[in-house]
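K.L.:
Sequence and predicted structure are below.
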Amino acid sequence: MGVHLHHSPLLAAALAFTALAAISLLVAPQSPRGLRLSRTGGSVVRRNVGVRSGRVAASAEAGKKLLVLGGSGFVGREVCKNAVEKGYQVTSLSRRGENPDPSDPLLKQVNWVKGNALDEMTVRGLVEEKYDAVVHAMGLLFDIKSGMPQMNLIVSGSRSEPDDTSTYDNITRRTAEILLDQISKNRGNKPTPVAFVSAAEAGWPQMSGGSTVENVAPDWLKRYLTAKRAVEAMMESNQSIRPIVYRPSLIWNWGKLDVLPVIPIFNLANALGVPFVDKTVRVETLAKAIVEGIDNDSVTGVQRFPQIETLGAGAA
């Protein structure tokens, strides 16, 4: 299961189409910095957004342990590398349980566990090992109900093939639900930092023109975002964790040739003040921001691209 697909050309095209359909209905743009989110559509998201004062720890304390769900995916493997570099003992759970790049010296130090994150016994066994922090980097773009599951073989970071259980609800919401339940049952002396890779578009209902964009979006994209919001809501209400929700838009690096052509379009739209289009984020920056966030007790809630860039630069 370590599939994470932020985002394919098809998703970029879908977002561009829905954005263009709603441009004429835009109101004045709003800055994403300090954006205050509220209860919408039955989903609760944290009002205190962004990075609080205080510096990010330079490195993890000796012997700290990190569990990454989906560590073999596009985002997950970068998180693993950054965490190892900062001194974490890293364990990744994925369906294949294989190192995605055996030549990488940092990934060689990760404990690659093969297992199904939908299996409660598997997750329980890992959580009972008492990890200091957890990252949920699992997801898929085209679920089995989208009519396009074969596209995952092209755009998936781990080239994972979806099966009959590969729905947005299972891979995103249900895996997080199982994880959070087991963390609650094994709660330590203080809340466990849990980072979740959501999507910028999950915040559309709180953005000017965002609801209009979503109304004309394809059904599979709506279900994709519904699953993301469900996880955000569960994290917000869980007292056993310190929830950190990362909401990147398109995630890229120079090797991600499938999304490079649309990166300038998104960045230009954001620079022009289109409120429901966020600036794109490099995967290296996002991974650094995730590790910095779990290291810093003052980081909590929703992190959009300004906060991701700040954390990724190593300054709180």
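P.N.:
Alright, I've got the coordinates.
K.L.:
helix or strand right after the lengthiest helix in the chain?
P.N.:
In the chain, assigned by DSSP state H, the helix with the most residues is helix 219-237. Moving toward the C-terminus from helix 219-237, the next helix or strand (DSSP states H and E) is strand 241-246.
K.L.:
Let me see the mean pLDDT of that following strand.
P.N.:
For strand 241-246, the mean pLDDT works out to 98.
K.L.:
what do you get for stretch 109-126?
P.N.:
According to the model, stretch 109-126 has a mean pLDDT of 97.
K.L.:
Would you mind measuring from the residue nearest the centre of the chain to Val75?
P.N.:
Centroid-nearest residue in the chain: Val197, 1.0 Å away (criterion: CA atoms, centre = their mean). Distance, Val197 to Val75, using CB to CB, to the nearest Å: 6 Å. Glycine gets a C-beta too; all of them are placed from N, C-alpha and C.
K.L.:
one step back: can I get the longest helix of the chain in PDB, CA atoms only?
P.N.:
Coordinates of each C-alpha in helix 219-237 appear next as PDB, following Å, rounded to 0.1, in the frame of the first residue of the first chain:
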ATOM      1  CA  ASP A 219     -16.900  12.400  -8.600                       C
ATOM      2  CA  TRP A 220     -13.600  10.500  -7.900                       C
ATOM      3  CA  LEU A 221     -12.000  13.700  -6.800                       C
ATOM      4  CA  LYS A 222     -14.800  14.500  -4.500                       C
ATOM      5  CA  ARG A 223     -14.500  11.100  -2.900                       C
ATOM      6  CA  TYR A 224     -10.800  11.500  -2.600                       C
ATOM      7  CA  LEU A 225     -11.200  14.800  -0.700                       C
ATOM      8  CA  THR A 226     -14.000  13.300   1.500                       C
ATOM      9  CA  ALA A 227     -11.600  10.700   2.700                       C
ATOM     10  CA  LYS A 228      -8.800  13.200   3.400                       C
ATOM     11  CA  ARG A 229     -11.200  15.400   5.400                       C
ATOM     12  CA  ALA A 230     -12.500  12.400   7.400                       C
ATOM     13  CA  VAL A 231      -8.900  11.700   8.600                       C
ATOM     14  CA  GLU A 232      -8.400  15.400   9.500                       C
ATOM     15  CA  ALA A 233     -11.600  15.300  11.600                       C
ATOM     16  CA  MET A 234     -10.500  12.100  13.400                       C
ATOM     17  CA  MET A 235      -7.100  13.500  14.200                       C
ATOM     18  CA  GLU A 236      -8.600  16.800  15.500                       C
ATOM     19  CA  SER A 237     -10.800  14.900  18.000                       C
END
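K.L.:
any idea how far that helix is from the chain center?
P.N.:
11 Å (CA atoms, centre = their mean, to the nearest Å).
K.L.:
Give me the angle between it and strand 241-246.
P.N.:
150 degrees (axes from the mean of the first three to the mean of the last three CA atoms, to 10 degrees).
K.L.:
sorry, back to before: how much space is there between the residue nearest to the centre of the chain and Leu141?
P.N.:
13 Å.
K.L.:
Then Leu66?
P.N.:
Distance of Leu66 to Leu141, given as CB to CB: 25 Å.
K.L.:
The two - which one has more neighbours?
P.N.:
Comparing Leu66 with Leu141 by neighbour count (other CB atoms under 10 Å), the higher total belongs to Leu66, at 29 against 24.
K.L.:
Who are the contact partners of the more buried one?
P.N.:
Ala83, Tyr88, Gln89, Val90, Thr91, Tyr131, Asp132, Ala133, Val134, Val135, Ile294 (CB atoms under 8 Å, 6 or more residues apart in numbering).
K.L.:
Cool, thanks, talk later.
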